[in-house]
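Student: What follows is a predicted protein model with its sequence.
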Amino acid sequence: MGSDKTVARLAGRTLVDRAVAVLEEVFETVVVSVSATPSGRVEATVTDRWRDSGPLGGLEAVLDHAAGRPVFVLACDLPLVGESVVRKIVDDAGAGVAVERATAWIASGLGRDQPLCGLYSAACLEVVRVRLADGMLSMRDLLQQFEVHRVDVGDPGADLLLNVNWPEDLERARELLNGR
């Protein structure tokens, strides 16, 4: 994007505010992982301890903060994911999320997986730490270390899982929101 994606605006809100609002519809507590000192945009934040580690460092920070509880991850650059997708993943996981092994339930649509929209068991923390220590930062590769359950978010999954990495992606998200 050439700038901080979290503050990019879509339909009157920043991308981070959109993600927080979706999660607040489902969960009592929402914590935002940030790579540097929080700027005050959100109330509850944890700072990544592994510098320059991308989303994997954020996953480690929130799993550590959760102190043995599972966590739901929703990247702010997935602005079309709504409450229904989050609830579907949580419902599919059910009691299975409390398992003692590294298990993840992730959004999947039209054959495309999105590891940054999913529920991770607390047991994932140790696997994440090993990967970080070894410099292996890919979220997609990380999934090969877990028992992964893909939750089909339906035919519009490709649009729902639109990842905003470029200005053109943000414009596409605007078009899709206006068409709803």
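Tutor: Arrived safely.
Student: any idea of the pLDDT on L177?
Tutor: In this model, L177 is scored at 87, pLDDT.
Student: And for it, nearest residue in space, chain neighbours not counted?
Tutor: Using Cβ to Cβ, 6 or more residues apart in numbering and skipping the chain neighbours, the partner closest in space to L177 is A11 (5.5 Å). In this view, the C-beta of every residue, glycine as well, is placed from N, C-alpha and C.
Student: show me what contacts H65?
Tutor: V31, V46 (Cβ atoms under 8 Å, 6 or more residues apart in numbering).
Student: Repeat that for the one 5 residues further on.
Tutor: For P70, the set of contacting residues under the criterion of Cβ under 8 Å, 6+ apart consists of A93, V97, A98, L119, Y120, S121, A122.
Student: again, 6 Å this time
Tutor: V97, L119, S121, A122 (Cβ atoms under 6 Å, 6 or more residues apart in numbering).
Student: What residues sit buried inside stretch 80-92?
Tutor: L80, V81, V85, V86, K88, I89, V90 (16 or more other Cβ atoms under 10 Å).
Student: tell me which element the second one is part of?
Tutor: When elements are assigned from DSSP states H and E, V81 belongs to no helix and no strand.
Student: surely it meets C117?
Tutor: Yes. Using Cβ atoms under 6 Å, V81 is in contact with C117, at 5.4 Å.
Student: Could I get the full set of strands for this protein?
Tutor: 9-10, 13-14, 32-34, 45-47, 71-74, 103-109, 112-120, 147-152 (DSSP state E).
Student: Sheet partners, orientation included, of the third one?
Tutor: Sheet partners assigned to strand 32-34 using DSSP bridges are listed as strand 45-47 (parallel).
Student: that older thread, closest one to W166 among the strands of the chain?
Tutor: strand 9-10 (13.7 Å; Cβ to Cβ).
Student: if we can go back for a sec, next, format the strands of the chain as JSON lines and append mean pLDDT and mean neighbour count.
Tutor: Formatted as JSON lines, the strands of the chain follow (pLDDT from 0 to 100; neighbours: other Cβ atoms under 10 Å):
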{"stretch": "strand 9-10", "mean pLDDT": "90", "mean neighbour count": "14"}
{"stretch": "strand 13-14", "mean pLDDT": "88", "mean neighbour count": "16"}
{"stretch": "strand 32-34", "mean pLDDT": "84", "mean neighbour count": "20"}
{"stretch": "strand 45-47", "mean pLDDT": "85", "mean neighbour count": "16"}
{"stretch": "strand 71-74", "mean pLDDT": "96", "mean neighbour count": "22"}
{"stretch": "strand 103-109", "mean pLDDT": "94", "mean neighbour count": "23"}
{"stretch": "strand 112-120", "mean pLDDT": "94", "mean neighbour count": "23"}
{"stretch": "strand 147-152", "mean pLDDT": "94", "mean neighbour count": "17"}
